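**Q** quick one: sequence and predicted model below, then my questions.
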Amino acid sequence: MVGPSVFSANAIVFDSFTNKKLAVLAGRHPFIVGGLGSFLAVVGLAISLMTLLASRDTVVKHAHETSKNVTAVLVSNIARTIETSDNALRGLIVALNKPAIQSMDPALRHELLFDRTAAEYVTGMGVTDDKGRLIDGCCSSTHTWDFSDRDYFTVHRQSPNVGLYASPVYQARTRQGARSIAITRRVNHPDGSFGGVAIEAIDVDYFNQLLSKLDVGPHGITAVVRTDGTLVARNPPVPMDRIAEPRKSAVFPRMLNRDSGFYASKSAIDGVFRLYTFQRVPGTPLIAVVAPAEDDVLAAWRRLSWVVGISASAVSVAFCAAVWLLAFAMRDQVKAQLLLTELTQTDALTGLKNRRALDEVLENEWSRLQRSDGCLSLLFVDADNFKQYND
């Protein structure tokens with residue numbers, strides 16, 4: 001029975017023989033070995049590059065998800081404010097249609113309807129007649145204001161189906177021309193004809209305060225725009241002469257065709273490339289936009305990329321150098337081994353093959369004959385009459 005030690009010894013001999021064969025083969029073809037090492041180094045660099053690109057996509061997706069959440073919070077706050085204003089307008093219209101309210105003393109009616117208009121962002125509330133003249137409002141019970149030229153009046157006069165309307169930004173005729181938007185609803189006469197407009201004015205600073213609380217990086221922006229392409233608010237703010245209307249942007253139509261979305265674009269105002277996430281405020285023409293700068297989003301990734309790129313390049317160059325040096329060293333070793341073999345098999349005096357060479361040839365031929373079951377003939381010829389000298 002053959003023990004495990006015999007198999008182990010045979011395996012060691014086989015491995016040693018195989019390694020020697022491989023070393024000789026590599027030494028005879030150093031450029032193939034060096035080229036293969038260079039190829040492996042390039043493959044390693046390519047894998048590192050693909051890994052970095054995949055991590056970049058992950059960073060961008062994470063930024064998009066974060067922006068999506070921030071946008072949802074912004075939309076929720078604006079929607080809640082608009083809903084509160086809408087409820088106030090509906091309550092005002094219902095109250096004005098009650099005979100008991102209509103027959104009240106004007107001063108008492110004014111106090112009942114408008115003195116508790118408490119929200120700090122509401123800068124004005126009132127109702128007009130069908131000519132656009134203010135009937136009553138929270139600013140004063142005696143007034144001569146005419147809003148017939150305002151878009152939020154004409155849009156309701158022209159159509160009974162507008163419902164809740166949010167106007168573009170305008171300069172108020174009170175409060176030193178403060179910028180506001182109007183939230184309005186149509187008021188009808190009992191026969192359904194146009195009877196005026198109920199108005200609630202919201203200070204644009206309310207939107208600016210909302211936007212300023214959102215952290216989107218040092219070069220990011222947040223904004224509220226209308227579907228007609230006009231800007232309501234932006235943080236950080238920009239001078240009026242530098243404001244570029246959103247509708248002039250090539251990507252603005254995407255925002256009109258979808259309730260929410262994501263795109264990347266360069267700003268027409270400051271030239272910064274940003275990752276834009278937008279979402280429509282339900283039931284209004286308002287769109288909330290959150291846009292961190294790409295440089296801010298990828299800052300940490302780029303630092304990591306430099307470290308990984310330099311490290312991977314250094315390792316690849318070192319690997320290539322080591323492989324090429326090893327290949328040439330093995331070539332030199334094979335050359336030296338061949339030279340030594342040649343010296344050990346050649347007679348120094350005659351330059352002919354010696355007895356050692358004969359023994360190796362005989363051994364090889366004998367092994368071959370054993371495999372093929374053939375015959376072997378051996379003929380010795382003293383071609384130079386040197387046998388007597390040897391004897």
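**A** Cool, the structure landed.

**Q** show me the shaky parts of the stretch 101-250 of the chain.
**A** Residue ranges of the stretch 101-250 of the chain with pLDDT under 70: 102-103, 105-106, 109-119, 139-143, 174-177, 239-250.

**Q** wait, R173 touches W145, no?
**A** Yes: taking contacts as CB atoms under 8 Å, R173 lies within contact range of W145: 6.7 Å. All C-beta atoms are positioned from the backbone trio N, CA, C, and that covers glycine.

**Q** so L134 is in which element?
**A** Using DSSP states H and E, L134 sits in strand 134-137.

**Q** swap in V225?
**A** In this assignment (DSSP H and E), V225 forms part of strand 221-226.

**Q** partners of that strand in the sheet?
**A** Strand 221-226 pairs in its sheet with strand 231-235 (antiparallel), strand 286-291 (antiparallel), by DSSP bridges.

**Q** quick check: phi and psi at T277.
**A** In terms of degrees, to the nearest 10, the main-chain angles of T277 are phi -120, psi 130.

**Q** could you do the one 5 residues further on as well?
**A** Geometry field for P282 lists phi and psi as phi -60, psi 140, criterion degrees, to the nearest 10.

**Q** for it, what are its contacts?
**A** Neighbouring residues of P282 by CB atoms under 8 Å, 6 or more residues apart in numbering: 75, 79.

**Q** R173 and W145 - which one has more neighbours?
**A** Set side by side, R173 and W145 show more neighbours around W145, with 16 against 12, by other CB atoms under 10 Å.

**Q** the more buried one touches I135, doesn't it?
**A** No: using CB under 8 Å, W145 is not in contact with I135; the gap is 9.9 Å.

**Q** at which residues are the strands of this structure located?
**A** Counting by DSSP state E, residue ranges of the strands within the chain are 122-128, 134-137, 165-166, 170-171, 179-188, 194-203, 221-226, 231-235, 260-266, 273-280, 286-291.

**Q** let me have those in a markdown table, extended by mean neighbour count.
**A** Output for the strands of the chain, formatted as a markdown table (neighbours: other CB atoms under 10 Å):
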| stretch | mean neighbour count |
| --- | --- |
| strand 122-128 | 23 |
| strand 134-137 | 20 |
| strand 165-166 | 21 |
| strand 170-171 | 14 |
| strand 179-188 | 22 |
| strand 194-203 | 23 |
| strand 221-226 | 23 |
| strand 231-235 | 20 |
| strand 260-266 | 15 |
| strand 273-280 | 22 |
| strand 286-291 | 25 |
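
**Q** what sits closest to L369 if chain neighbours are left out?
**A** Nearest non-adjacent residue to L369, counting by CB to CB, 6 or more residues apart in numbering: L376, 5.3 Å away.

**Q** run a quick neighbour tally on the one you found.
**A** For L376, the neighbour count with other CB under 10 Å is 10.

**Q** circling back: now the common contact residues for W145 and I135.
**A** G126.

**Q** quick revisit: got the strands of the chain as TSV, with distance to A299 columns?
**A** Shown next, in TSV, are the strands of the chain (distance: least, CB to CB, whole Å):
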stretch	distance to A299
strand 122-128	40
strand 134-137	51
strand 165-166	37
strand 170-171	40
strand 179-188	34
strand 194-203	35
strand 221-226	17
strand 231-235	21
strand 260-266	16
strand 273-280	13
strand 286-291	16
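
**Q** out of those, the one nearest S55 is which?
**A** Among those, the nearest to S55 by CB to CB is strand 273-280 (16.3 Å).
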